[in-house]
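Participant: please find the sequence and the predicted model below.
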Amino acid sequence: MTGSMARPAAACVLIAALSGCAAGNSGATAMHDQAEAQVELARLRDKTARAEYSEQAVYLGLIRKMEQDGLYFASLAHIEVYVQRFGAGPEIQVMRADALRETGQDQAAIEAYQALVATAKGTEAAHAHHGLGLLAGRQEDFARAVTELRAAAALDPVNARIASDLGYALMRAGALQDARVPVMQALELDARNPRVISNAVVWLMADGKRAQANAMMQKAALPEPTRSAIRKEADRIARAAAARDRAAARQGQPKPNSAPAAVAVVAKPIAIAAQAGATP
């Protein structure tokens, strides 16, 4: 009796244990499946994020290529689409400001560059000051151009284009000797850039070093139309500098060596970069 009663009890214990194991196995399986689902979801999200990042990078590269090719009107249209899809980061804001400048929308470009100056850092901020300097030069306000380009050079001191443009702005502002350092820095930083070479030759000629200037043009194999434009620009800068020196001498002032607060220079910026096939 006792043994027969024990067997059902043992069986009950065994059944309870088995059902408990089954419940435990079921819970473990569910947890495993849930973990697998979460891992797979994370993989899908990562894959989607990578695809989106790849698409974003490709689109950004496309816009950059458009601007390198001078298709600024087209780039503005694509920039609007890009911003709607991916947002407006500093790099796309820089390209938008450049496109506004190159399509003649000066006030909108100034506002875009100023917004970058207030928020961006490093090379983006330098680019914004550079753009403001170019716009000031376009308006023949070379004193303001010098201020902006000096700010750009301080943020990105090894940028040859910024240094070269600063040197040119200083020449146009009457500070011929101050222009020597940035002009020559640019030349050593990027000795193959036609725009950099052209500004260096202009400085040499304006400073009376015509033999060196001619040798540099010969070595760079600059075409004759470019050489002619360089000579004319150097003569204009030299004449304007001489006139300012005479005016200062009549007033008993020392020979000007730094950019004045206001400048009246009639010469137009040379289009040497375009003639030589460089991007402005």
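Facilitator: Great, that's in hand.
Participant: V146 touches M171, doesn't it?
Facilitator: No. Applying Cβ atoms under 8 Å, one finds V146 not in contact with M171, separated by 10.1 Å. (Each C-beta comes from the backbone N, C-alpha and C, glycine too.)
Participant: looking at the two, which has the bigger crowd around it?
Facilitator: A direct count of neighbours by other Cβ atoms under 10 Å for V146 and M171 places M171 higher, at 32 against 28.
Participant: isn't the more buried one up against R180?
Facilitator: No. M171 sits out of contact with R180 when judged by Cβ under 8 Å, with a separation of 9.6 Å.
Participant: just say helix, strand or coil for the most centrally placed residue in the chain.
Facilitator: Nearest to the mean C-alpha position of the chain, counting by Cα atoms, centre = their mean, stands H127 at 4.8 Å. Following DSSP: H, G, I helix; E, B strand; the rest coil, H127 is assigned to helix.
Participant: buried set for the host helix or strand of A154?
Facilitator: Assessed by DSSP states H and E, A154 sits inside helix 142-155. For helix 142-155, the neighbour count (16 or more other Cβ atoms under 10 Å) marks 142-153, 155 as buried.
Participant: in space, what's closest to A241 - neighbours in sequence excluded?
Facilitator: L176 (5.1 Å; Cβ to Cβ, 6 or more residues apart in numbering).
Participant: from E80, how far off is K65?
Facilitator: 17 Å (Cβ to Cβ, to the nearest Å).
Participant: what pLDDT does S54 get?
Facilitator: At S54, the predicted lDDT confidence score is 79.
Participant: same check on the one 5 residues further on?
Facilitator: Per-residue pLDDT puts Y59 at 92.
Participant: wait, doesn't it sit right on E91?
Facilitator: No. Y59 lies out of contact with E91 (Cβ under 8 Å); the separation is 11.7 Å.
Participant: how far does stretch 127-146 stretch from one end to the other?
Facilitator: Here the two ends of stretch 127-146 are set 14 Å apart, with distance taken as Cα to Cα, to the nearest Å.
Participant: swap in stretch 130-145?
Facilitator: Across stretch 130-145, the terminal residues are separated by 9 Å (Cα to Cα).
Participant: avg pLDDT for it?
Facilitator: pLDDT averaged over stretch 130-145 gives 96.
Participant: tell me the buried residues in the helix or strand that L170 is a member of?
Facilitator: Assigned by DSSP H and E, L170 belongs to helix 160-172. By neighbour count with 16+ other Cβ under 10 Å, helix 160-172 contains the buried residues 160-172.
Participant: any idea of the mean pLDDT in it?
Facilitator: 96.
Participant: for this protein, which segments count as helices?
Facilitator: 2-68, 72-86, 90-102, 106-119, 122-138, 142-155, 160-172, 180-189, 194-206, 210-220, 224-250, 272-275 (DSSP state H).
Participant: what sits up against the fifth one?
Facilitator: Spelled out, it's helix 122-138. Applying Cβ atoms under 8 Å, 6 or more residues apart in numbering, the contact partners of helix 122-138 are 90-91, 93-94, 97-98, 101, 106, 109-110, 113-114, 116-117, 120, 142, 144-149, 151-153, 155-156, 159, 161-162, 165-166, 168-169, 172, 269.
Participant: one more: the second one?
Facilitator: Contacts with helix 72-86, where a contact means Cβ under 8 Å, 6+ apart, come from 56, 59-60, 62-63, 66-67, 92, 95-96, 98-100, 102-103.
Participant: first-to-last residue distance for stretch 198-213?
Facilitator: By Cα to Cα, the extent of stretch 198-213 from end to end equals 9 Å.
Participant: can you pull the buried residues of that stretch?
Facilitator: So stretch 198-213, judged by 16+ other Cβ under 10 Å, has buried residues 198-207, 213.
Participant: before we move on, what about stretch 54-66?
Facilitator: So, applying 16+ other Cβ under 10 Å, buried residues of stretch 54-66: 56, 59-60, 63, 66.
Participant: what's the distance between R85 and D207?
Facilitator: For R85 relative to D207 (Cβ to Cβ), the value is 52 Å.
Participant: got it, and A163?
Facilitator: 17 Å.
Participant: check A74 too.
Facilitator: The value you get for A74 to D207, if Cβ to Cβ is used, is 42 Å.
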